[in-house]
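**Q** sequence and predicted structure below; questions after.
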Amino acid sequence: MDITIKEIQEWEKKFALKKGLPPQKKDEVNEALIAGFLKLVEEVGELSDNILRKRYDGCMEELSDIMIFTSKIGKLLEDYYNQPLLSDVINAKIEHSEKREFDKKKYKLKKHEEFNLTKK
């Protein structure tokens, strides 16, 4: 079953409410952002550890945690700080990335132009 970013965000929001996790009130949003960010960093660390130790069996679980916490942070920013939808930003970033070329000598993508969501 495929799942959208919006579906992940809605599930996580309901889950947080059901479990009593912040934010329950508007003044708890920044606390929730910080907690979500710290969990995201923790999950990235766990994924890094699995990859570096060549323990690939746990990687997909860690990636799903990363997606959930990234989606949670995005939803909080959308709802409380008037930021664009995470899915729209991802689509714009993909479109922007398609214009970049790979520099084989430096083994990285060349800068095309600065990414700006408002530019089309």
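**A** Thanks, I have the structure now. Numbers count the residues shown, from 1 in each chain.
**Q** next, the most centrally placed residue in the chain: secondary structure please.
**A** By C-alpha atoms, centre = their mean, the chain has its centre lying nearest to Thr70, at 2.8 Å. Following DSSP: H, G, I helix; E, B strand; the rest coil, Thr70 is assigned to helix.
**Q** spatially, what comes nearest to it if we skip its sequence neighbours?
**A** Nearest residue to Thr70 in three dimensions, chain neighbours excluded: Leu40, at 6.3 Å (C-beta to C-beta, 6 or more residues apart in numbering). Using the backbone N, CA and C atoms, a C-beta is placed for each residue, glycine as well.
**Q** what does Met67 give?
**A** Ile8 (6.4 Å).
**Q** could you say what helices and strands the helix or strand where that neighbour lies packs with?
**A** According to DSSP states H and E, Ile8 maps onto helix 5-19. In terms of contacts (3 or more C-beta pairs under 8 Å, 6 or more residues apart in numbering; DSSP states H and E), helix 5-19 is packed against helix 59-81, helix 86-98.
**Q** sorry, back to before: dump the residue contacts of the residue nearest to Met67.
**A** Counting by C-beta atoms under 8 Å, 6 or more residues apart in numbering, Ile8 touches 67-68, 71.
**Q** do the same with Glu42
**A** Counting by C-beta under 8 Å, 6+ apart, Glu42 touches no other residue.
**Q** torsion angles phi and psi at it?
**A** With angles defined as degrees, to the nearest 10, Glu42 sits at phi -60, psi -50.
**Q** now swap in Leu109 and tell me
**A** According to degrees, to the nearest 10, Leu109 has phi -80, psi 140.
**Q** need the contact list for it.
**A** Here Leu109 is in contact with 97, 100-103 (C-beta under 8 Å, 6+ apart).
**Q** make CSV out of the residues you listed and add distance to Leu76 and secondary structure.
**A** Conversion of the contacts of Leu109 to CSV gives the following (distance: C-beta to C-beta, whole Å; DSSP: H, G, I helix; E, B strand; the rest coil):
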residue, distance to Leu76, secondary structure
Ser97, 25, helix
Arg100, 30, coil
Glu101, 35, coil
Phe102, 35, strand
Asp103, 36, strand
